[in-house]
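*Asks:* have a look at this prediction, sequence included:
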Amino acid sequence: MTDAAALKLKQAKNKKYMLVSYGRMNTLGWFEHHEANIPKLPSRVIVKTERGLELGHIVGQSCPYRAGNSD
């Protein structure tokens with residue numbers, strides 16, 4: 001494995017997510033972020049969804065074992 005491939009794999013493992021409720025139906029979704037610290041709950045945030053930019057509020061932070069990751 002090359003150094004570039006190892007770095008890319010390491011970055012993929014360290015992704016940070018936040019759970020956001022957005023839209024008229026209060027849809028829940030996980031959104032990746034690159035911030036060192038996310039704001040306190042329930043802060044308002046702007047997220048990019050399949051319908052464009054939407055206003056939502058943070059419901060929770062990510063868990064390293066989300067989505068069946070066993071590492």
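*Replies:* Here it is on my side, so go on. Residues are numbered from 1 along each chain as shown.

*Asks:* which SS state does Glu54 fall under?
*Replies:* strand (DSSP: H, G, I helix; E, B strand; the rest coil).

*Asks:* can you show me the strands along this structure?
*Replies:* Here the chain has its strands, by DSSP state E, at 16-22, 27-33, 44-49, 52-61.

*Asks:* deepest-packed of these, please.
*Replies:* Mean neighbours per residue, mean count of other CB atoms under 10 Å, is largest over the strands of the chain for strand 16-22, with a mean of 19. From N, CA and C alone the C-beta is placed, and that goes for glycine too.

*Asks:* below-threshold pLDDT in this protein: ranges please.
*Replies:* Regions of the chain meeting the criterion pLDDT under 70 cover residues 1-14, 62-71.

*Asks:* how far does stretch 22-35 stretch from start to finish?
*Replies:* 20 Å (CA to CA, to the nearest Å).

*Asks:* what's next to that stretch, contact-wise?
*Replies:* 15-21, 47-49, 51, 54-57, 59, 62, 66 (CB atoms under 8 Å, 6 or more residues apart in numbering).

*Asks:* so what sits opposite Met18 in the bridge?
*Replies:* In this structure, Met18 bridges to Phe31, Gln61 when assessed by DSSP bridges.

*Asks:* who's in contact with it?
*Replies:* Met18 neighbours (CB under 8 Å, 6+ apart): Trp30, Phe31, His33, Ile38, Val45, Ile58, Gly60, Gln61, Ser62.

*Asks:* how about 10 Å then?
*Replies:* The contact partners of Met18, by CB atoms under 10 Å, 6 or more residues apart in numbering, come to 29-33, 35, 38-39, 41, 43, 45, 47, 56, 58-62.

*Asks:* can you check Leu41 too?
*Replies:* Met18, Leu19, His57, Ile58, Val59, Gly60, Gln61.

*Asks:* reformat those as a markdown table; add distance to Met25.
*Replies:* Shown next, in a markdown table, are those (distance: CB to CB, whole Å):
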| residue | distance to Met25 |
| --- | --- |
| Met18 | 19 |
| Leu19 | 16 |
| His57 | 14 |
| Ile58 | 17 |
| Val59 | 14 |
| Gly60 | 18 |
| Gln61 | 22 |
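
*Asks:* cool, thanks, talk later.
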